[in-house]
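A.B. asks: predicted model and sequence follow; I will ask about them next.
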Amino acid sequence: EVQLVESGGGLVKPGESLRLSCAASGFTFNDYYMNWVRQAPGKGLEWISCISSSGAYIYYADSIKGRFTISRDNAKNSLYLHLNSLTAEDTSVYYCAKGLRPHSSIYGMDVWGQGTAVTVSS
Amino acid sequence: DIQMTQSPSSLSASVGDRVTFTCRASHNISKFLNWYRQKPGKAPDFLISAASNLQSGVPSRFTGSGSGADFSLTISSLQPEDFATYYCQQTYTTPQTFGPGTNLAI
């Protein structure tokens, strides 16, 4: 079964950092682009980052550029998102999601994790 | 960045109804438009890729169409599980962007 499981969310104070993880199973992880998408409470979906299958190509949304860092460890079938300088506006559920086709990000995301909640509050 | 708009923002319908949502991009995005359904408290479900390609396991009552900047999603006969929020997403260029969603309610 193809599965993605996020972890690492929690309650942090403004300005603090956090690392989210996404454990993948059931597919050849190093063949696929991986994405992070977030959703603030009561709001819509926001794509925030993706990383190519090898890790050579990385893209970010402007809203998080310079503060968040995406990475992957293909040997461990794991995706990460490092969140720095957090603000209340970063409070969201963070989802990892797999690209539909190997070595491509343009056909959408077919498998999603259950999400991990990040709350930024003093 | 490419901006996505969706209409209507909300819609009320009944089981068995046929409904159509629209999605518009601020620039030509060719066919690189995807549709997702999200039920409350759940991760999104991937319905349609590249404007019209129904994903494996998605019922045939879902149909996507369009190209360029204007797209639509039609559900031919609503089922109880279809009452949810629907998002379009462009993957023509980064940053990828989602529309604000259409909330389909009973």
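C.D. replies: Sure, I can see it.
A.B. asks: every contact and neighbour count from this point should use C-alpha atoms.
C.D. replies: Will do.
A.B. asks: if I look at residue A:31, how far off is residue A:74?
C.D. replies: From residue A:31 across to residue A:74, the span is 9 Å (Cα to Cα, to the nearest Å).
A.B. asks: give the residues shared as contacts by the two.
C.D. replies: Both residue A:31 and residue A:74 are in contact with residue A:54, where contact means Cα atoms under 8 Å, 6 or more residues apart in numbering or on different chains.
A.B. asks: name the nearest residue to the residue in chain B that chain A sits nearest to, ignoring sequence neighbours.
C.D. replies: For chain B, the residue closest to chain A is residue B:91, as judged by Cα to the nearest Cα, at 4.8 Å. Spatial nearest neighbour of residue B:91, chain neighbours left out: residue A:106 (4.8 Å); criterion: Cα to Cα, 6 or more residues apart in numbering or on different chains.
A.B. asks: contact partners for that neighbour?
C.D. replies: A:99, B:32, B:91-93.
A.B. asks: try residue B:28
C.D. replies: Contacts for residue B:28 were tallied using Cα under 8 Å, 6+ apart; they are B:68-69.
A.B. asks: kindly report the same for the one 5 residues further on.
C.D. replies: Applying Cα under 8 Å, 6+ apart, we find residue B:33 in contact with A:107, B:49-51, B:71, B:88-92.
A.B. asks: and the residue minimising distance to the centre of chain B, backbone torsions?
C.D. replies: Among the residues of chain B, the one closest to the centroid is residue B:35, at 3.7 Å (Cα atoms, centre = their mean). Residue B:35 adopts backbone torsions of phi -120, psi 140, taken as degrees, to the nearest 10.
A.B. asks: and for residue 71, the neighbour number?
C.D. replies: This is for chain A. 19 (other Cα atoms under 10 Å in any protein chain shown).
A.B. asks: switch to chain B, that's the one I care about
C.D. replies: Neighbours of residue B:71 under the rule other Cα under 10 Å: 22.
A.B. asks: that one: what secondary structure?
C.D. replies: Three-state assignment for residue B:71 (DSSP: H, G, I helix; E, B strand; the rest coil): strand.
A.B. asks: with adjacent residues omitted, what lies nearest to it?
C.D. replies: Sequence neighbours aside, residue B:23 is the residue nearest to residue B:71 in space, at 5.1 Å (criterion: Cα to Cα, 6+ apart).
A.B. asks: can I take it that the one you found is in a strand?
C.D. replies: Yes - inclusion of residue B:23 in a strand is indicated when three-state DSSP is applied.
A.B. asks: residues contacting it?
C.D. replies: B:4-7, B:70-72, B:88, B:99.
A.B. asks: show the pLDDT at it.
C.D. replies: Residue B:23 carries a pLDDT value of 98.
A.B. asks: with residue B:101 instead?
C.D. replies: The model's pLDDT for residue B:101 equals 98.
A.B. asks: check the one 3 residues further on too.
C.D. replies: We have a pLDDT of 97 for residue B:104.
A.B. asks: where does residue B:51 fall, secondary structure wise?
C.D. replies: Taking DSSP states H and E as the definition, residue B:51 sits outside all helices and strands.
A.B. asks: so it sits against residue B:70, correct?
C.D. replies: No - checked against Cα atoms under 8 Å, the pair residue B:51 and residue B:70 is beyond contact range at 9.8 Å.
A.B. asks: looking at those two, which one has more neighbours?
C.D. replies: Neighbours per residue (other Cα under 10 Å) separate residue B:51 from residue B:70, with residue B:51 holding more: 26 against 20.
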